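Colleague: curious how this folds, go ahead:
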Amino acid sequence: AIFMAIWATVFLEFWKRRRSTLTYTWDLIEWEEEEETLRPQFEAKYYKMERVNPISGKPEPHQPSSDKITRLLVSISGIFFMISLVITAVFAVVVYRLVVMEQFASFKWNFIKQHWQFATSAAAVCINFVIIMALNLAYEKIAYLLTNLEYPRTESEWENSFALKMFLFQFVNLNSSIFYIAFFLGRFVGHPGNYNKLFNRWRLEECHPSGCLIDLCLQMGVIMFLKQIWNNFMELGYPLIQNWWSRHKIKRGIQDASIPQWENDWNLQPMNIHG
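Modeller: As a prediction, this is how the structure comes out:
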């Protein structure tokens, strides 16, 4: 945590210096946000609805308030649906923990039988990680579609809207299981003779006699470690593999100087949805 705080501060300060240098070099010192051009998608959608811009005094496409509110409500509904899907997934993992806990406690393998609580937590963490990454990939595409559905006026508005959606979802997606362990696990177990049961069948899970810190550390450690490995692979390893495969196909093919440029560009790496 200390390293991340120092690294983030140093990175931000160096980026401010780099940004100032680029601003001076490109002669953008007096650039204002109001000078941004409209997105082509916005202009194509609302070119028939124009009004005079109070700043420039020129007519420009205008999005009616009713249309903007309707699209915003649809976008908000999509966000809440995905967040509710995350909460549902966490609840499903909780049910899985209860079912597996009962099975591991009566397992024939002595190692699992003696360490059933650790085995249950480890299995649940791995499943939870797979769910987190799957939902993250799906929501990135959904957030992209919802942002385009809103038809933001400028590119900065599009980026801010997309970033807000991703922040809200990733915050819930990454921290919901951690919140469950930190604030709910072992809090509603009941007492001997009157244990609380889910669906009147499975007894609610208790923390280890030493506390829930082990489960919390396991959850945070595995998710952060595996997530970092996955992100590094997607950012570094996967492009390297794609580049190697593209070069391999080119070497196996017939080298022809008359191949048009657009066909050569086909082997280049595609840009992501953010540009």
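Colleague: ok, which stretches of the stretch 1-150 of the chain are helices?
Modeller: Secondary structure of the stretch 1-150 of the chain (DSSP state H, counting those that start in this stretch): helices located at 2-25, 40-45, 65-105, 110-114, 116-150.
Colleague: for Phe188, find the nearest of these.
Modeller: Nearest to Phe188 among the helices of the stretch 1-150 of the chain is helix 65-105; the distance by Cβ to Cβ comes to 11.6 Å. The way it works is simple: take the backbone N, C-alpha and C, and place the C-beta from them, glycine included.
Colleague: just the angle for the closest one relative to helix 116-150, thanks.
Modeller: When axes from the mean of the first three to the mean of the last three Cα atoms, to 10 degrees is applied, the directions of helix 65-105 and helix 116-150 differ by 170 degrees.
Colleague: work out the gap between helix 65-105 and the centre of the chain.
Modeller: Relative to the mean C-alpha coordinate of its chain, helix 65-105 is positioned 14 Å out (Cα atoms, centre = their mean, to the nearest Å).
Colleague: for the helices of the stretch 1-150 of the chain, give me CSV that also has mean neighbour count.
Modeller: As requested, those are exported to CSV (neighbours: other Cβ atoms under 10 Å):
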stretch, mean neighbour count
helix 2-25, 10
helix 40-45, 14
helix 65-105, 15
helix 110-114, 12
helix 116-150, 17
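Colleague: got any ranges where the stretch 1-150 of the chain has weak pLDDT?
Modeller: Judged against pLDDT under 70, the low-scoring parts of the stretch 1-150 of the chain cover residues 1, 30-36, 56, 104-109, 111-115.
Colleague: redo that, cut-off 50
Modeller: Residues of the stretch 1-150 of the chain meeting the criterion pLDDT under 50: none.
Colleague: the stretch 151-275 of the chain too?
Modeller: In the predicted model, the stretch 151-275 of the chain carries pLDDT under 50 at residues 275.
Colleague: please enumerate the strands of it.
Modeller: 190-191, 194-195, 197-198, 202-203 (DSSP state E, counting those that start in this stretch).
Colleague: other residues contacting the last one?
Modeller: The reference is to strand 202-203. Strand 202-203 is contacted by residues Val95, Leu98, Val99, Glu102, Val189, Tyr195, Asn196, Lys197 when judged by Cβ atoms under 8 Å, 6 or more residues apart in numbering.
Colleague: okay, the residues you listed in TSV with distance to Ser66 next?
Modeller: Output for the contacts of strand 202-203, formatted as TSV (distance: Cβ to Cβ, whole Å):
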residue	distance to Ser66
Val95	43
Leu98	48
Val99	49
Glu102	55
Val189	51
Tyr195	54
Asn196	49
Lys197	50
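Colleague: quickly name whichever of these is closest to Ile131.
Modeller: Within the contacts of strand 202-203, the smallest distance to Ile131 is 13.1 Å, found for Val95 (Cβ to Cβ).
Colleague: is it true that that closest one touches Lys197?
Modeller: No. The criterion here is Cβ atoms under 8 Å, and Val95 misses it with Lys197 at 12.0 Å.
Colleague: so which of the helices of the stretch 1-150 of the chain gets nearest Lys249?
Modeller: Between these, helix 116-150 lies closest to Lys249; by Cβ to Cβ that is 26.4 Å.
Colleague: and the closest one, how far out from the chain middle?
Modeller: That offset, for helix 116-150, works out to 8 Å (Cα atoms, centre = their mean).
Colleague: what's the answer for stretch 234-252, then?
Modeller: Counting by Cα atoms, centre = their mean, stretch 234-252 comes out at 26 Å from the chain centroid.
Colleague: of all the helices of the stretch 1-150 of the chain, which lies closest to Asn160?
Modeller: For the helices of the stretch 1-150 of the chain, distance to Asn160 was read as Cβ to Cβ. The smallest value, 9.6 Å, belongs to helix 116-150.
Colleague: quick one, what contacts Ile127?
Modeller: Contacts of Ile127 were listed using Cβ under 8 Å, 6+ apart, and they are Val93, Tyr96.
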